[in-house]
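# Predicted model, plus sequence, below.
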Amino acid sequence: MNMKSIRHLAKTLKVESGHLSKAELIRQIQIAEGNFDCYGSAISGACDQVDCVWRDDCLSESRPAAEETL
């Protein structure tokens, strides 16, 4: 979803978009919708929120698992 669409959704939910980044704004939208504010926090593509509208976009920004140190 592009930023224009995200800002429009935020406005309908009465979420101030201000100068928030895409990830920050989506997290605020998630909170306003009563969901977990977890956008962009998936590690190595692991996410159990299968019904989330942001899932595909979020997983594309997924973080790799941290390498273990010996």
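Yep, it's here. Numbering: from 1, shown residues only.

# low-scoring pLDDT stretches of this protein, where are they?
65-70 (pLDDT under 70).

# Now the spatially most central residue of it: closest residue in space that isn't a chain neighbour?
Centroid check for the chain by CA atoms, centre = their mean gives residue 39 as the closest residue, at 2.4 Å. Distance criterion CB to CB, 6 or more residues apart in numbering; nearest residue to residue 39, sequence neighbours excluded, is residue 26 at 4.3 Å. Quick note: C-beta positions are derived from backbone N, CA and C, even for glycine.

# hang on, isn't the residue nearest to the centre of the chain packed against residue 25?
No. Counting by CB atoms under 8 Å, residue 39 does not reach residue 25; the two are 9.0 Å apart.

# quick revisit: please list all residues in contact with the residue nearest to the centre of the chain.
23, 26, 27, 30, 54, 58 (CB atoms under 8 Å, 6 or more residues apart in numbering).

# Where do the helices of this protein begin and end?
3-12, 22-32, 55-60 (DSSP state H).

# Just say which of the ones you listed is most tucked in.
Of all the helices of the chain, helix 22-32 has the most neighbours on average by mean count of other CB atoms under 10 Å, namely a mean of 18.
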